[in-house]
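Participant: What shape does this take:
(chains A, B and C)
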Amino acid sequence: MSAEERLAELGIVLPEATTPAAVYRPAVKTGNLIVVSGQVAVREGQILSPGRLGDAVSLEDGYAAARQCGINVLAAVKSVHGSLDGVRVIRTVGYVASTPDFTDHPRVVNGASELFRDVLGEDLGVGARVAFGVAALPANSPVEVEVMLEVLA
Amino acid sequence: MSAEERLAELGIVLPEATTPAAVYRPAVKTGNLIVVSGQVAVREGQILSPGRLGDAVSLEDGYAAARQCGINVLAAVKSVHGSLDGVRVIRTVGYVASTPDFTDHPRVVNGASELFRDVLGEDLGVGARVAFGVAALPANSPVEVEVMLEVLA
Amino acid sequence: MSAEERLAELGIVLPEATTPAAVYRPAVKTGNLIVVSGQVAVREGQILSPGRLGDAVSLEDGYAAARQCGINVLAAVKSVHGSLDGVRVIRTVGYVASTPDFTDHPRVVNGASELFRDVLGEDLGVGARVAFGVAALPANSPVEVEVMLEVLA
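Facilitator: Here you go, the predicted structure:
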């Protein structure tokens, strides 16, 4: 099954990659690498569950926000690669807005990582990862997700 | 016009790449990639506007600090590549020291991104980007900027 | 002397690369790059010195924690490369859990960087670096270290 078919099966419709207000691109290619800009948890112009984990945002809502970041990452990949086939996730960074006493960042970031695994498959969708707690994120997003991928030969 | 000519036109004189006190290099090359160390907002040995955005540091001062980080990034690139020509910005990370309620990180990091665009041009100076709020930065710098570039064939 | 011999001389026994509970791998290879997941300061299942720098965790304990993160990074490298020879450190990121007024992140992260230098040598063990203060880390680790390496031709 292709990545696009898995997306359809999951009932996910990718948005257009956002054209950022700021001076950067949603994603760029260099050699056989795709570098995707940090994606916040925005859907149809609205940030999902603004705020911090450990404070206003529950683990469940953080997970859903990370999943939305992941959807926006896939849209950015498609915008430079034309497809979601033939790519492998190499490195995911999960930035989680959190209070100093919140320590469950991995479970939040799984919202994006499990999406990548489900859409791209275990072999191509699971890479290296970093997850950590940040003081605050653009537009008060609870999560931001950044990914580097390999274009398969 | 070359990148060096644009620098001169902007009235920017690059410093020497700082020789770090710690055990790392200002920048390294691997294959056709240049990986630059995180650069704080230091000019002639002084940190510009120490502190945090949302607290002691204004948006304007944060922007100026990010621009200084960008100048230090360009100096580090030159130290390993010998020139600013023939390189393309792939990924910029903007680390912004900020209070939990500050959410305007992209406008701060534009201080570096607009410098790269103005010096290297729209095609080569604008890449992918991540911006987020950190708890604190080395030497109390308000901003730190890290960049990965491609050496053009 | 090989990297393995230097490790033995330093009296360091690498653990098995941890099999993460979450959906990611300890490290992946792409082309001639090795991308290692963020490693927290865990030894035999216990986090060393949980908490934040500037608060419960001293500079000395932070340094020791960063060194332990570094040991876990080397274990992850070995798990995908089979050896510690023939690799060069390109980029190290040191995530330091810290209060807003702690600004000595570089001295903490030296715990990992000096280990890499001692094990891999000055030429191969010292690369570019970023160090900064985060709000909180997984499992309340005081430090997390992430590394990208080059496989030498």
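Participant: neighbours of A:A22, just the number please.
Facilitator: A:A22 has 17 neighbouring residues, counting by other Cβ atoms under 10 Å in any protein chain shown. For glycine as for every other residue, the C-beta is placed from the backbone atoms N, C-alpha and C.
Participant: what do you get for A:V13?
Facilitator: Neighbours of A:V13 under the rule other Cβ under 10 Å: 8.
Participant: now A:E9
Facilitator: A:E9 is flanked by 11 other residues according to other Cβ under 10 Å.
Participant: A:Q46 too?
Facilitator: 9.
Participant: What lies in contact with stretch A:96-109?
Facilitator: A:51-55, A:57, A:59, A:62-63, A:65-66, A:92, A:94, A:129, A:131-137, A:140-143, A:145, B:100, B:133, C:20-22, C:52, C:97, C:99, C:135-140 (Cβ atoms under 8 Å, 6 or more residues apart in numbering or on different chains).
Participant: Quick check: buried residues in that stretch?
Facilitator: By neighbour count on 16 or more other Cβ atoms under 10 Å in any protein chain shown, the buried set for stretch A:96-109 is A:96-100, A:102-109.
Participant: buried stuff in the worst-scoring helix or strand of chain A on mean pLDDT?
Facilitator: Sorting the helices and strands of chain A by mean pLDDT, DSSP states H and E puts helix A:3-9 at the bottom, at a mean of 91. Residues of helix A:3-9 classed as buried: A:A3, A:R6, A:L7 (neighbour count, 16+ other Cβ under 10 Å).
Participant: Which ones among the buried residues of stretch A:96-109 map onto helices?
Facilitator: Among these, the residues falling in helices (DSSP state H) are A:H105, A:P106, A:R107, A:V108, A:V109.
Participant: contacting residues around A:N140?
Facilitator: Applying Cβ under 8 Å, 6+ apart to A:N140 gives the contacts A:I47, A:P50, A:G51, A:A97, B:T103.
Participant: Among those residues, which one lies nearest to A:A75?
Facilitator: The closest of the contacts of A:N140 to A:A75 turns out to be A:I47 (Cβ to Cβ; 16.2 Å).
Participant: for the closest one, which residues make a bridge with it?
Facilitator: A:V42 (DSSP bridges).
Participant: Next one: it, what pLDDT does it get?
Facilitator: Predicted confidence (pLDDT) at A:I47: the value is 97.
Participant: ok, now the one 3 residues further on?
Facilitator: At A:P50 the predicted local confidence, pLDDT, stands at 98.
Participant: ok, for it, nearest residue in space, not its chain neighbours?
Facilitator: A:N140 (4.1 Å; Cβ to Cβ, 6 or more residues apart in numbering or on different chains).
Participant: next one: phi and psi at the one you found?
Facilitator: Recorded main-chain torsions at A:N140 are phi 60, psi 30, according to degrees, to the nearest 10.
Participant: Distance of it relative to C:A136?
Facilitator: Using Cβ to Cβ, to the nearest Å, A:N140 is found at 18 Å from C:A136.
Participant: Hmm, A:L120 is touching A:L84, no?
Facilitator: Yes. Applying Cβ atoms under 8 Å, one finds A:L120 in contact with A:L84, separated by 6.9 Å.
Participant: joint contacts of these two?
Facilitator: In contact with both A:L120 and A:L84: A:A3, using Cβ under 8 Å, 6+ apart.
Participant: show me the biggest helix of chain A in terms of residues.
Facilitator: Looking across chain A with DSSP H, the single longest helix is helix A:59-81.
Participant: Report all helices and strands that it contacts.
Facilitator: When contacts are defined as 3 or more Cβ pairs under 8 Å, 6 or more residues apart in numbering or on different chains; DSSP states H and E, helix A:59-81 packs onto strand A:27-30, strand A:33-36, strand A:39-40, strand A:42-43, strand A:87-97, helix A:105-120, strand A:143-151.
Participant: 6 Å instead?
Facilitator: Contact analysis of helix A:59-81 by 3 or more Cβ pairs under 6 Å, 6 or more residues apart in numbering or on different chains; DSSP states H and E lists strand A:27-30, strand A:39-40, helix A:105-120, strand A:143-151 as its packing neighbours.
Participant: Now do the spatially most central residue of chain A against chain C, distance only.
Facilitator: What sits nearest the mean C-alpha location of chain A, by Cα atoms, centre = their mean, is A:G70, with 2.7 Å. Noted for A:G70: a distance of 11 Å to chain C, by Cβ to the nearest Cβ, to the nearest Å.
Participant: Not counting sequence-adjacent ones, nearest residue to that residue?
Facilitator: Excluding its sequence neighbours, the residue lying closest to A:G70 (Cβ to Cβ, 6+ apart) is A:A112, at 3.5 Å.
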